[in-house]
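Peer 1: any chance you can model this:
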Amino acid sequence: MTENNAHDDWWKQAVVYQVYPRSFKDSDGDGLGDINGITSKIGYLKDLGVDALWLSPFYPSELADGGYDVIDYRNVDERLGTMRDFDELTHEAHANGLKMIVDIVPNHTSTQHVWFKEAVDAGRGSRARERYIFREGRGKHGEIPPNDWVSFFGGPAWEQVEDGQWYLHIFAKQQADLNWQNKDVHEDFKKTLRFWSDHGADGFRIDVAHGLAKDLTSRPLAEMGEWDMHDQLNPDGTNPLWDRDEVHSIYREWREVFNEYTPARFAVGEAWVVPEHQYRYASPDELGQVFNFEFAKANWSREEMKAAIAEGLASADRSGSTTTWVMSNHDVPRVATRYALPQVKSTSHHQFAKDWILRDGESYHENHELGTRRARAALLLEAGLPGSVYIYQGEELGLFEVPNIPWNRLEDPNAFHTRGKWTDKGRDGCRVPLPWVAADAPHPADWDENFGDGASFGFSPATTAYGKPASAPHLPQPLWFKDFAEDSEHADPTSMLNLYRTALSLRAHLLTPTGSTQVQWSTVAGHEASTLSYSREIAEFGAAAGVATAAAATSTIAPQQEQERSDANKRRRFVSITNFGSTPIELPEGKVLLSSTELVDGQLPGDASVWLSAPESYDNGTKASTSASTNNNTNLDAADK
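Peer 2: The predicted model follows:
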């Protein structure tokens with residue numbers, strides 16, 4: 001167990017790894033990742049240096065939205081395993097010192113959920129229909145939807161049932177929105193939280209946390225059609241669908257459930273809200289933590305990154321909790337791709353990358369070398385900050401987006417239902433099954449020579465338990481995945497994977513033990529406009545048992561330097577510097593702990609970050625001292641697809 005996980009409030013400084021189960025590891029050859037596949041890689045996650053794994057939905061589902069259309073909240077999809085498999089996964093994770101976080105989807109259920117089937121059968125005015133949001137339609141015979149809202153996945157946000165009423169679905173029509181003014185809904189989700197806590201879950205990730213409470217009665221629904229459903233911000237409290245004050249009473253109720261356990265459970269909310277509202281979800285009286293999406297939305301820009309960090313820290317101070325740092329997840333284009341494309345501000349986050357994906361990645365040049373440099377630099381910028389770091393699977397391999405999946409092989413409902421200005425190819429490009437073994441390379445597919453067929457880079461076994469060839473992965477893998485396979489990166493001390501391992505090890509031993517959440521902004525003299533620098537309290541290097549060994553395993557810090565570092569780091573500060581410019585910079589006085597790319601004549605190149613151990617009262621303008629070994633941990637060649 002990591003030192004951090006020994007604390008009851010472990011989640012406040014945790015490194016959390018998001019597993020998208022269907023694309024992580026397939027154990028039985030059906031082309032879908034599964035629970036046993038995750039269990040088989042617990043050792044990998046432990047060696048990576050994470051504190052917890054978060055499982056995206058693994059519940060029974062029609063897969064209308066990648067598992068976020070839940071049929072049964074208290075079971076495992078039979079295609080992914082059984083409850084016994086889940087219990088074994090939890091046991092193995094805990095035995096290796098890792099915590100477990102499971103995804104809860106409270107805004108909507110699948111239309112195959114027993115409640116919704118009952119609601120359709122029971123008819124108008126029934127108790128069963130009160131659990132959902134059913135309304136009468138407009139027009140002479142109610143044949144027109146109650147208003148003109150457009151769902152996130154395209155088409156009307158209302159679907160008509162056989163007796164003529166309409167139900168609300170903010171997302172796919174297979175995802176019926178629940179009515180959180182109904183007592184049954186409240187009680188059933190408390191039951192679900194207890195169920196997974198009793199099965200070993202240490203925390204929860206709450207999907208669409210800002211969308212549960214809705215005001216659909218204060219005005220006629222037809223008038224509410226003026227609201228754009230896609231505008232999720234609610235700075236003044238007037239939005240009828242998002243971030244309403246009433247949602248917080250739900251989470252205060254959940255906090256009572258969390259506190260029934262020792263240690264108390266926690267939750268992190270997916271809430272796309274204005275920064276000044278984040279703190280409410282993260283209150284110790286509610287979920288405990290909320291995603292700081294401002295960091296994920298930022299372009300590779302000093303100004304945008306600093307604003308995102310400052311807002312996250314301010315929100316954490318106000319909530320009495322800690323913030324989160326997120327660069328990617330299963331809903332957004334991969335970070336290496338975002339940074340490889342032109343950095344253009346847009347009215348909607350990641351719009352430039354989404355437009356590029358819509359055109360199969362052919363409209364703009366994706367500079368793989370630059371994207372990798374920036375992703376490496378962003379890791380150090382992020383991982384040195386106080387709070388929790390969330391890593392999306394494959395991020396540690398430096399994977400790029402797969403924009404050119406043929407349209408007839410896509411799964412995301414966005415691709416099939418969005419139209420007009422909302423047209424979107426979807427999120428499948430960041431959900432392609434992971435490459436584990438370079439030697440298990442497929443041959444070019446007959447249907448597209450850029451993709452593989454006949455093997456899966458170790459994602460699936462070669463054969464099923466019955467001796468038949470394994471099915472193809474549920475999403476096709478590009479042939480260039482070979483350069484990013486886990487086993488190849490494991491053997492390369494300069495790889496992205498080993499940079500992650502080293503950075504997370506240093507974070508765990510030098511930063512997390514201090515318990516400090518304070519950051520001091522600093523500057524690099526003469527480069528104020530192009531650099532982002534901060535400092536933090538640092539633990540004594542000699543007190544960090546095992547850090548020299550862990551670092552030496554990735555050829556970053558030689559074991560013989562341990563005593564020198566032990567003496568040098570007493571009464572010192574941790575300093576992180578990121579150079580967003582193109583001109584190399586002289587570093588302040590200090591010993592180099594880690595750099596995202598090779599320093600040149602003691603200078604930090606552009607699009608790079610460095611971690612220093614500096615004197616406690618170091619002068620920001622003092623010339624660098626880089627007598628300690630610098631890190632040559634770079635993997636630009638691997639990004640040349």
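
Peer 1: all contacts plus neighbour counts: C-alpha atoms, from now on.
Peer 2: Fine.

Peer 1: buried ones in the longest helix anywhere in the chain?
Peer 2: Ordering each helix of the chain by length in residues (DSSP state H) puts helix 302-319 first. If you call a residue buried by 16 or more other C-alpha atoms under 10 Å, then helix 302-319 has these buried ones: 302, 304-306, 308-316, 318-319.

Peer 1: same question for stretch 64-73.
Peer 2: Here stretch 64-73 shows 64-73 as buried, counting by 16+ other C-alpha under 10 Å.

Peer 1: what's next to the longest helix of the chain, contact-wise?
Peer 2: 275-276, 278-280, 282-284, 292, 294-295, 298-299, 322-324, 529-532, 580 (C-alpha atoms under 8 Å, 6 or more residues apart in numbering).

Peer 1: filter those residues down to the ones in strands?
Peer 2: Using DSSP state E, the members of the contacts of helix 302-319 that fall in strands are 324, 531-532.

Peer 1: burial measure for Ala377, as a count.
Peer 2: The number of residues packed near Ala377 is 23, by other C-alpha atoms under 10 Å.

Peer 1: and the average pLDDT for the helix or strand where it lies is what?
Peer 2: For Ala377, the element it lies in under DSSP states H and E is helix 368-383. Helix 368-383 comes out with an average pLDDT of 98.

Peer 1: restricted to helices, list the buried residues of stretch 64-73.
Peer 2: Short answer: these have none in helices (DSSP H).

Peer 1: low-scoring stretches of the protein, by residue?
Peer 2: 1, 541-570, 618-641 (pLDDT under 70).

Peer 1: residue at max distance from the center of it?
Peer 2: Distance from the C-alpha centroid of the chain peaks at Lys140, with 46.6 Å (C-alpha atoms, centre = their mean).

Peer 1: now that one: phi and psi?
Peer 2: phi -60, psi -40 (degrees, to the nearest 10).

Peer 1: OK, contacts around it?
Peer 2: Neighbours of Lys140 in contact, by C-alpha under 8 Å, 6+ apart: none.

Peer 1: ok, Arg22 next?
Peer 2: Counting by C-alpha under 8 Å, 6+ apart, Arg22 has contacts 32-34, 80, 433.

Peer 1: need the ones in strands among the contacts of helix 302-319 in CSV (columns: neighbour count and distance to Asp448).
Peer 2: Shown next, in CSV, are the ones in strands among the contacts of helix 302-319 (neighbours: other C-alpha atoms under 10 Å; distance: C-alpha to C-alpha, whole Å):
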residue, neighbour count, distance to Asp448
Thr324, 29, 40
Thr531, 24, 43
Leu532, 23, 43
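
Peer 1: which of those residues lies closest to Ala439?
Peer 2: For those, the minimum distance to Ala439 (C-alpha to C-alpha) is 36.7 Å, reached by Thr324.

Peer 1: burial measure for the closest residue in space to that closest one that isn't next to it in sequence, as a count.
Peer 2: Using C-alpha to C-alpha, 6 or more residues apart in numbering and skipping the chain neighbours, the partner closest in space to Thr324 is Ser388 (4.7 Å). Counted with other C-alpha under 10 Å, residues neighbouring Ser388 total 24.

Peer 1: is it true that Ser388 touches Asp9?
Peer 2: No: proximity of Ser388 to Asp9 does not meet the contact threshold set by C-alpha atoms under 8 Å, at 11.4 Å.

Peer 1: how far away from the center of its chain is the host helix or strand of Thr109?
Peer 2: Thr109 is located in strand 108-110, with elements delineated by DSSP H and E. Relative to the centre of its chain, strand 108-110 is centred 22 Å away, using C-alpha atoms, centre = their mean, to the nearest Å.

Peer 1: give me the helices and strands touching that strand, please.
Peer 2: If contacts are counted by 3 or more C-alpha pairs under 8 Å, 6 or more residues apart in numbering; DSSP states H and E, strand 108-110 sits against strand 175-177.

Peer 1: can you tell me how far Ala14 is from Thr512?
Peer 2: The gap separating Ala14 from Thr512 is 9 Å, by C-alpha to C-alpha, to the nearest Å.

Peer 1: give me the common contacts of the two.
Peer 2: Asn4.

Peer 1: how about the residue positioned nearest the centre of the chain: what's its closest non-neighbour residue?
Peer 2: Here the mean C-alpha position of the chain is nearest to the C-alpha of Asn329 (C-alpha atoms, centre = their mean), at a distance of 3.2 Å. Among residues not flanking Asn329 along the chain, Tyr392 sits closest, at 5.1 Å (C-alpha to C-alpha, 6+ apart).

Peer 1: kindly provide the distance from the one you found to Val15.
Peer 2: From Tyr392 to Val15 the distance is 11 Å (C-alpha to C-alpha).

Peer 1: and of the ones in strands among the contacts of helix 302-319, the nearest to Phe266?
Peer 2: Thr324 (13.7 Å).

Peer 1: for that closest one, what are its contacts?
Peer 2: 289-292, 312, 387-390.

Peer 1: mind running it again at 10 Å?
Peer 2: 11-16, 268, 289-293, 295, 309, 312-313, 316, 382, 385-390 (C-alpha atoms under 10 Å, 6 or more residues apart in numbering).

Peer 1: check Leu32 too.
Peer 2: 21-26, 79-80, 433, 459-460, 471-475.

Peer 1: most neighbours out of those, which is it?
Peer 2: Most surrounded of the contacts of Leu32: other C-alpha under 10 Å gives Pro433, at 31 neighbours.

Peer 1: now name the helix or strand holding that one.
Peer 2: Using DSSP H and E, Pro433 falls outside every helix and strand.

Peer 1: how many neighbours does Thr82 have?
Peer 2: Using other C-alpha under 10 Å: Thr82 sits among 17 other residues.

Peer 1: with the one 10 residues further on instead?
Peer 2: Here the count is done by other C-alpha under 10 Å, and Glu92 has 16 residues near it.

Peer 1: list the buried residues of the helix or strand encompassing it.
Peer 2: Glu92 belongs to helix 83-95 when elements are defined using DSSP H and E. Residues 83, 85-86, 89-94 are the ones in helix 83-95 that count as buried (16+ other C-alpha under 10 Å).
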